[in-house]
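> quick one: sequence and predicted model below, then my questions.
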Amino acid sequence: MADSLIALMKEKEYSKITINEITEKAGVGRATYFRHVKSKEELIVYKLKMCWERWAEEAGLRMTTGFALENTEAFFRFNYANREWFLLAYEAGLSQTLLSAFDAIFVEQSEAKEQQYANSFFKYGLFGILNAWILNGFEESPEEMIAIGKKIISSIVYDATKN
């Protein structure tokens with residue numbers, strides 16, 4: 001159903017896509033739709049989460065949730081590979097939905113308050129970089145963004161250790 005929604009987003013305005021159109025294109029009934037999701041936004045979150053899990057597995061990432069500096073490269077390559085539907089999501093005003101998806105993917109649930117703050121810091125920071133990249137139309141290559149991301153993250157980690 002998520003693929004059907006994305007295909008329909010290429011054809012018409014997101015707000016005008018109906019549940020009937022999604023289910024018809026997916027070859028399922030409305031009951032199936034409502035049994036699995038509550039909204040079109042949930043389909044976007046599901047799609048992003050499934051794509052990341054597949055990407056992470058194929059890339060052999062050891063850590064697929066939470067933040068790991070070693071995943072910076074995979075993060076930018078993944079987003080670039082999926083840029084077409086990220087741009088569609090932004091055109092539809094769904095930036096917050098993408099942030100929700102990244103929240104579900106990248107933030108490990110931790111009992112320790114300090115770790116919760118660190119996870120939030122990196123999630124919003126990375127999403128901020130991604131947001132700017134999307135708004136700039138993915139002008140930079142993944143390699144350029146990897147260098148930018150690592151430079152920003154390294155400078156934060158370095159500066160934090162000075163004190």
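Received, thanks. Numbers count the residues shown, from 1 in each chain.

> need phi/psi at the residue nearest to the spatial centre of the chain.
Closest to where the C-alpha atoms of the chain average out (C-alpha atoms, centre = their mean) is residue 102, at 4.6 Å. Backbone dihedrals for residue 102, given as degrees, to the nearest 10, come out at phi -70, psi -30.

> centre of the chain to the helix or strand hosting residue 134, how far?
Secondary structure from DSSP states H and E places residue 134 in helix 113-135. Relative to its parent chain, helix 113-135 has a centroid offset of 11 Å by C-alpha atoms, centre = their mean, to the nearest Å.

> which outside residues touch it?
With C-beta atoms under 8 Å, 6 or more residues apart in numbering as the test, helix 113-135 has contacts from 66-67, 75, 79, 83, 86-87, 90, 95, 98-99, 102-103, 106-108, 110, 139-140, 145, 148-149, 152-153, 156. Quick note: C-beta positions are derived from backbone N, CA and C, even for glycine.

> check which residues of the helix or strand of the chain with the lowest mean pLDDT are buried.
Of the helices and strands making up the chain, the lowest-confidence element is helix 142-161, at a mean of 79, by mean pLDDT, DSSP states H and E. Residues 142, 145, 146, 148, 149, 153 are the ones in helix 142-161 that count as buried (16 or more other C-beta atoms under 10 Å).

> how many residues are close by the residue nearest to residue 105 when sequence neighbours are not counted?
In space, and not counting its chain neighbours, residue 105 is closest to residue 52: 5.1 Å by C-beta to C-beta, 6 or more residues apart in numbering. Neighbours of residue 52 under the rule other C-beta atoms under 10 Å: 23.

> mind listing the helices for this protein?
Ranges of helices in the chain, per DSSP state H, are 2-11, 19-26, 30-36, 40-59, 72-81, 83-91, 95-106, 113-135, 142-161.

> winner for burial among the ones you listed?
helix 72-81 (a mean of 20; mean count of other C-beta atoms under 10 Å).

> residues in contact with it: which ones?
Helix 72-81 has contacts (C-beta under 8 Å, 6+ apart) with 51-52, 55-56, 59, 61, 86, 126, 130, 133, 138, 141-142, 145-146, 149-150, 153.
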